[in-house]
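K.L.:
dropping a prediction and its sequence here:
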Amino acid sequence: MIHTVTLNPALDKLLFLSEFKRNITNRLNSSDNSIGGKGTHVSINLASLGIVNTAYGITHGKTGEQIIELLSSYNINVKFIHRKDSDSRTNYLLIEDTGDCCILASPGAQVRKEELDELLILLSQNVKEGDSLILSGDTSNCYDPRVYNHMLEKLSDRDIKVYLDASGSTLLECLSAKPFLIKPNEDELSQICGHDLDTEQDIISAIEGLSPYGIEIIAVSLGGDGSVVKSPEGIFRVIPPEVSVSNTIGCGDCFLSGLVFGIEMHYPIEKTLKYATAISAATAESKYSVGFSPDRANELFSNVTVNKVKDPAAS
């Protein structure tokens, strides 16, 4: 079973306009609602790939009820803790016809210790030996940056596969917990190693510098330039296909979803990387912040380039 955790879910207001201009009235072409939060995105994407999964999180108020309702409309087992006090966050996504995007993100309701304790008990009751746990997204609304560590400590008595997509102090704190996979972007990797990464070789060296942590897969996302991924089979440079970009929001979540899918399906690493990249590219073509066309991802698969740049013996 695959489990996802989203501690700061959101209702995304998608605002579509031709071009955003400052200091004038901007007219919208259309608008829509969607779910925000990396973990919820991964759950939805996996469901689109036919993978039944369980989504955990904490929501508040009327907005939280909307989030649960939207998430439940997919083939997902939803186990959210809901509180009527306060309100979950609403994010505003400005999406221009050019494909340029901007997120206005609310801080979200603060997660209290008693809520986290309840969530920890829920995870402990449901996450079993051999399961996979995806810890993904913002934790800035939590009282403790080690919140993911507390989850891993609670589950340390069982062998589970942990996929981590976090940033800042949360990512740094979790490295010592030895997750199976981490997915930093270039800036996040730069923060970990403490200096700028100007070249591809800088990125490779930074990845190799994390070897003492024993993390099996390190996938460094480079946005539209693809990724650099370290695995037991070596270090790979992945180049995405060219697509007509409508919205880049959610592409990283789709990339992670594709990695999880390929790994859980026991695909070879090259096939996993190609499929994850094709899914991300298909997402970029969609105007929405979550979801993609599986048929389009299959079409783009053959246009993804995966090159091994270093053998495992040399890494």
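P.N.:
Cool, got the structure.
K.L.:
what are the boundaries of the helices in the stretch 51-200 of the chain?
P.N.:
Under the criterion DSSP state H, counting those that start in this stretch, the stretch 51-200 of the chain carries helices at the ranges 61-72, 113-126, 147-154, 168-175, 186-193, 200-208.
K.L.:
could I get these as CSV with distance to residue 18?
P.N.:
Placement of C-beta: from N, CA and C, glycine included. As requested, the helices of the stretch 51-200 of the chain are arranged in CSV below (distance: least, Cβ to Cβ, whole Å):
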stretch, distance to residue 18
helix 61-72, 27
helix 113-126, 42
helix 147-154, 40
helix 168-175, 34
helix 186-193, 30
helix 200-208, 36
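K.L.:
now those helices in TSV, please, with extra columns for mean neighbour count and distance to residue 49.
P.N.:
Converted to TSV, the helices of the stretch 51-200 of the chain look like this (neighbours: other Cβ atoms under 10 Å; distance: least, Cβ to Cβ, whole Å):
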stretch	mean neighbour count	distance to residue 49
helix 61-72	18	16
helix 113-126	15	21
helix 147-154	19	24
helix 168-175	18	26
helix 186-193	17	25
helix 200-208	17	27
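K.L.:
what helix or strand is the residue sitting nearest the centre point of the chain on?
P.N.:
In the chain, the centroid-proximal residue (Cα atoms, centre = their mean) is residue 253; its distance is 3.6 Å. Using DSSP states H and E, residue 253 sits within helix 251-264.
K.L.:
show the model's pLDDT score for residue 293.
P.N.:
At residue 293, the model reports a pLDDT of 86.
K.L.:
ok, now residue 229?
P.N.:
At residue 229, pLDDT is 96.
K.L.:
about what we covered before: so which elements touch the helix holding residue 253?
P.N.:
On a contact count with 3 or more Cβ pairs under 8 Å, 6 or more residues apart in numbering; DSSP states H and E, helix 251-264 meets helix 38-48, strand 132-136, strand 161-165, strand 217-221, helix 269-285.
K.L.:
can you report how many residues lie near the residue lying closest to residue 165 once chain neighbours are set aside?
P.N.:
Closest residue to residue 165 apart from its sequence neighbours, by Cβ to Cβ, 6 or more residues apart in numbering: residue 136 at 4.1 Å. For residue 136, the count of nearby residues is 27 (other Cβ atoms under 10 Å).
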